[in-house]
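1. here is the input, now give the coordinates:
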Amino acid sequence: MEKTRCRWANPANPLYLEYHDTEWGVPCHDERRLFEMLNLEGAQAGLSWETILNKRENYRAAFDQWDAKKIAAYGPEKVAELLANPGIVRNRLKVAAAITNAQAYLRLVESGSSLDKLMWSYVGGKPLVNKGPVPAKTELSDRISKDLGKLGFKFVGSTIIYAYMQGTGMVNDHAPDCFCRKARK
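-> Purely as a prediction, here's the structure:
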């Protein structure tokens with residue numbers, strides 16, 4: 001019997017189904033993945049998540065497996081290499097944002113915090129379960145977006161942050177009839 005999934009989960013793309021079934025809406029506390037997802041959600045701006053997901057392995061290779069220390073030190077030669085890489089979105093502002101985000105992330109860590117501590121503090125350490133229509137953004141994503149901006153992060157608008165919250169399991173927005181919603185209560 002076929003599992004009932006959220007309507008957005010493209011059944012023609014096994015990578016997308018795997019993401020829906022095993023990652024989206026699953027609480028994440030892995031620091032490197034939280035950093036990766038923040039940057040990938042920013043890279044998605046103006047594009048589909050499926051496009052970014054299909055390029056995720058290329059991003060990991062291009063951005064040193066999301067090692068923030070290495071990314072923070074990228075100079076003009078590495079930027080030129082990234083902008084010539086057809087395996088990622090070759091947008092100068094998005095590439096620059098990843099470098100800026102690595103620098104902001106390292107400052108956050110140096111202050112004694114982490115993305116895990118910071119992001120999960122907004123939801124009291126427990127995923128929110130959306131009971132209504134899935135919004136593009138919320139008052140909470142507005143607040144997180146502003147706070148991240150004050151910390152120096154880029155490409156962290158409210159809509160991007162809400163998608164981040166969904167992708168890292170801070171909010172469970174699986175459809176009421178989706179098998180994942182029931183599994184993650």
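
2. which helix or strand contains the most centrally placed residue in the chain?
-> Nearest to the mean C-alpha position of the chain, by C-alpha atoms, centre = their mean, lies Met37 at 2.7 Å. Under the assignment given by DSSP states H and E, the secondary-structure element containing Met37 is helix 31-44.

3. how big is the angle separating the following helix or strand past that helix from helix 31-44?
-> Per DSSP H and E, helix 31-44 leads on to helix 49-62 as the next helix or strand towards the C-terminus. Using axes from the mean of the first three to the mean of the last three C-alpha atoms, to 10 degrees, the inter-axis angle of helix 49-62 relative to helix 31-44 is 130 degrees.

4. surely Leu15 meets Thr51?
-> No: taking C-beta atoms under 8 Å as the contact criterion, Leu15 and Thr51 are not neighbours in contact, 11.5 Å apart. The C-beta positions use only the backbone N, C-alpha and C, and glycine is treated the same way.

5. for the chain, which segments count as strands?
-> Remark: strands assigned in the chain by DSSP state E are 128-129, 171-172.

6. winner for burial among these?
-> strand 171-172 (a mean of 22; mean count of other C-beta atoms under 10 Å).

7. which parts of the helix ranked longest in the chain are buried?
-> Scanning the chain for the helix with the most residues, using DSSP state H, yields helix 92-110. When neighbours are counted by 16 or more other C-beta atoms under 10 Å, the buried residues of helix 92-110 are found to be 94-105, 108-109.

8. so where's the protein shaky on pLDDT?
-> In the prediction, the chain carries residues with pLDDT under 70 at positions 1, 183-185.

9. how many neighbours does the spatially closest residue to Ala163 that is not a sequence neighbour have?
-> By the measure of C-beta to C-beta, 6 or more residues apart in numbering, the closest residue to Ala163 outside its immediate chain neighbours is Glu41, 5.1 Å from it. Applying the criterion other C-beta atoms under 10 Å, we find 24 residues in the vicinity of Glu41.

10. what residues are up against Glu41?
-> Under the criterion of C-beta atoms under 8 Å, 6 or more residues apart in numbering, the neighbours of Glu41 are 155, 160-161, 163-164, 167.

11. give me that answer again for 10 Å
-> 49, 52, 155-157, 159-168 (C-beta atoms under 10 Å, 6 or more residues apart in numbering).

12. over to His20?
-> 5-6, 8-11, 13, 53, 174, 178, 180.

13. thank you kindly, that will do.
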